[in-house]
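In: The following block contains a protein sequence and its predicted model.
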Amino acid sequence: MKVLIIGHPDAVLGFSLAGVSGRLATTVDEVNQALDDAQAAKDVGIVLVTQDVAELIPDRMEHLKLRSTIPLVVEIPSSGSLPEDQESLGDIVFRAIGIKL
């Protein structure tokens with residue numbers, strides 16, 4: 001099963017360096033299309049969605065985070081939006097896919 005990231009260009013580029021494919025999304029239509037494609041793909045097991053992009057579609061993200069199983073949809077922090085008490089993006093990536101950034 002593959003991991004896919006949906007988010008802004010910096011996140012997609014960063015994850016691509018770790019071998020994770022991604023889709024750029026900056027509008028509601030792009031996010032919804034990327035999620036539809038990810039859910040239709042047979043080889044995608046985990047979909048990481050950056051927080052800034054998830055905020056464009058809050059109702060759908062809430063539904064997916066609570067109900068999706070395959071692919072599992074996980075919201076991850078955007079760059080610069082990490083609260084002090086939350087683990088770093090590198091820690092989240094390591095926990096999700098086992099690659100230390």
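Out: That came in fine, so what should we check first?
In: which element follows the longest helix seen in the chain toward the C-terminus?
Out: Secondary structure of the chain per DSSP state H: the longest helix is helix 28-40. Moving toward the C-terminus from helix 28-40, the next helix or strand (DSSP states H and E) is strand 44-50.
In: What residues of the helix or strand residue 60 falls within count as buried?
Out: In the assignment (DSSP H and E), residue 60 maps to helix 58-67. Judged by neighbour count using 16 or more other Cβ atoms under 10 Å, the buried positions of helix 58-67 are 60-61, 64. Heads up, the C-betas are built off the backbone N, CA and C, glycines and all.
In: Can you redo the residues you listed as JSON lines, where the extra columns are distance to residue 11 and pLDDT?
Out: Formatted as JSON lines, the buried residues of helix 58-67 follow (distance: Cβ to Cβ, whole Å; pLDDT from 0 to 100):
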{"residue": "60", "distance to residue 11": "19", "pLDDT": "93"}
{"residue": "61", "distance to residue 11": "16", "pLDDT": "92"}
{"residue": "64", "distance to residue 11": "18", "pLDDT": "88"}
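In: so which of these comes closest to residue 13?
Out: Closest approach to residue 13 among those (Cβ to Cβ): residue 61, at 22.2 Å.
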